[in-house]
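*Asks:* kindly return the folded structure for what I paste below:
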Amino acid sequence: RRSSRNTSSTMNPNFDDPATQAEMASFIEQETQRSVIQAVVSKITETCWDKCVGDPDKELSSSERNCLQNCTERYLDASIFIQNRVMQKQKASK
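*Replies:* Numbering: from 1, shown residues only. Model prediction:
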């Protein structure tokens, strides 16, 4: 049996409402962060795979695994370093 409850407020949100705007801004920020993370993971995978793995066999060799691990760590270290430098420059220019 269907509920007779009115769901029009959830079907048609009031976008002029500050609470709705805050909720939408939070959702957009979370989705943007998720997208950035996915892009970074994809770039790391592509870059390190191309650098470390020739013709993959049934299993990666220990040198390929080590190379992938080192490549990933260096890529992340460099990304964090660059991000911190950009934030420092932004703070200094304010």
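*Asks:* just the strands in the chain please.
*Replies:* Ranges of strands in the chain, per DSSP state E: none exist.
*Asks:* ranges for the helices of the protein?
*Replies:* 8-11, 18-52, 62-92 (DSSP state H).
*Asks:* can you add mean pLDDT and give the ones you listed back as TSV?
*Replies:* Putting those into TSV (pLDDT from 0 to 100) gives the following:
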stretch	mean pLDDT
helix 8-11	53
helix 18-52	90
helix 62-92	92
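*Asks:* could the ones you listed be laid out in a markdown table, adding mean neighbour count?
*Replies:* C-betas here are computed from N, CA, C, even on glycine. Converted to a markdown table, the helices of the chain look like this (neighbours: other C-beta atoms under 10 Å):
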| stretch | mean neighbour count |
| --- | --- |
| helix 8-11 | 7 |
| helix 18-52 | 11 |
| helix 62-92 | 12 |
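*Asks:* gap between the spatially most central residue of the chain and residue 76?
*Replies:* Taking C-alpha atoms, centre = their mean, the centroid of the chain lies closest to residue 37, which sits 1.5 Å from it. Remark: distance between residue 37 and residue 76 (C-beta to C-beta, to the nearest Å) = 12 Å.
*Asks:* swap in residue 19?
*Replies:* From residue 19 over to residue 76 (counting by C-beta to C-beta), the distance is 37 Å.
*Asks:* for residue 18, same thing?
*Replies:* 38 Å.
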